[in-house]
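Got a sequence here, can you model it:
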Amino acid sequence: MDDKVRWTVCQKILLVLTLISFFGFIIYLVLCWDQIPERLVSKFNAGGEVIRYSKKAFTLVPMIMIEGILFVIITIISFFPAAVTNINATKHIQDDLNIYNQSALEHIRLLTRTIILITDLLFVNLFNAVFLSMIYSDSVLVQHRVTLYIIIGFAVLFAGTILFYYFRLRQIMKGHSR
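Below you'll find the model as predicted:
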């Protein structure tokens with residue numbers, strides 16, 4: 001069976017939005033590098049007092065590199081949705097030569113790629129928002145609140161994505177099991 005899966009318009013839009021978010025933030029950092037404080041807060045104690053500062057280059061550059069590595073890995077995975085689709089679930093569909101089941105397999109792979117691309121977009125924006133809270137907040141309270149709200153928002157969106165995937169997958173399987 002051919003493992004190539006067509007790209008939908010929605011998937012192309014998600015990929016473009018992720019690229020814009022990732023490279024846009026890097027361009028923003030390059031353009032605003034001089035306005036970013038030379039020393040960033042890197043550690044607070046339990047009382048909320050700053051106990052360690054670090055140079056912006058030693059903080060932001062490694063974090064951008066980590067974000068870049070995750071971005072590249074997740075984006076590459078999105079090009080091969082058949083590799084991450086559950087083998088046992090799709091084997092049942094592949095064994096039956098019914099045209100409906102082949103269609104279900106493609107739907108599952110399209111849905112898998114969409115979920116991977118949504119996750120990629122969420123991760124890139126999570127990293128970018130955490131960087132911005134580090135750069136522009138001197139107060140532990142503000143920084144922790146912003147980071148907490150970002151993480152809660154990410155968790156809610158990610159959980160919603162997983163639930164959407166689960167229920168959509170059930171719908172595909174129910175509609176194509178004949």
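
alpha carbons only for contacts and neighbour counts from here, please
Noted.

Work out for me the element the residue positioned nearest the centre of the chain sits within.
Among the residues of the chain, residue 120 comes closest to the average C-alpha position under CA atoms, centre = their mean, at 2.5 Å. Residue 120 is part of helix 99-136 when elements are defined by DSSP states H and E.

do the same with residue 26
In this structure, residue 26 sits in helix 9-31 according to DSSP H and E.

which secondary element of this structure has the worst mean pLDDT?
Taking mean pLDDT, DSSP states H and E as the measure, the chain has helix 87-95 as its least confident helix or strand, at a mean of 52.

which regions of this structure lie under the pLDDT threshold?
Low-confidence segments of the chain, defined by pLDDT under 70: 1-4, 44, 48, 82-104, 137-144, 172-173, 175-178.

can we see that at 50?
Applying pLDDT under 50 to the predicted model, the residue ranges of the chain that meet it are 1-2, 96-97, 99-100, 178.

Which residues are in contact with residue 14?
The neighbours of residue 14, taking CA atoms under 8 Å, 6 or more residues apart in numbering as the test, are 114, 117-118, 121.

Can I get the helix or strand that comes right after the helix holding residue 26 as CSV, trimmed to CA atoms?
For helix 9-31, the succeeding helix or strand toward the C-terminus, using DSSP H and E, is strand 39-44. Taking Å, rounded to 0.1, in the frame of the first residue of the first chain, the C-alpha atoms of strand 39-44 are listed here in CSV:
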residue,chain,number,x,y,z
ARG,A,39,21.0,40.2,32.3
LEU,A,40,17.9,38.0,32.6
VAL,A,41,16.5,36.6,35.8
SER,A,42,17.2,32.9,35.7
LYS,A,43,16.3,31.8,39.3
PHE,A,44,14.2,32.9,42.2
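
what packs against strand 39-44?
For strand 39-44, the contact count by 3 or more CA pairs under 8 Å, 6 or more residues apart in numbering; DSSP states H and E identifies strand 50-55, helix 56-78, helix 99-136 as packing neighbours.

now, of those, which is deepest in the fold?
Burial among the helices and strands packed on strand 39-44, expressed as mean neighbours by mean count of other CA atoms under 10 Å, is greatest for helix 99-136, which shows a mean of 20.

Distance from the chain centre to the next helix or strand after that helix, please.
For helix 99-136, the following helix or strand on the C-terminal side (DSSP H and E) is helix 140-176. For helix 140-176, the separation from the chain centroid amounts to 11 Å (computed by CA atoms, centre = their mean, to the nearest Å).

Quick check: which helices or strands does helix 140-176 pack against?
helix 99-136.

got the contact list for the residue nearest to the centre of the chain?
So residue 120 contacts 18, 71, 74-75 (CA under 8 Å, 6+ apart).

mind putting those in CSV, distance to residue 154 included?
Listed next are those as CSV, based on distance: CA to CA, whole Å:
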residue, distance to residue 154
18, 15
71, 16
74, 16
75, 18
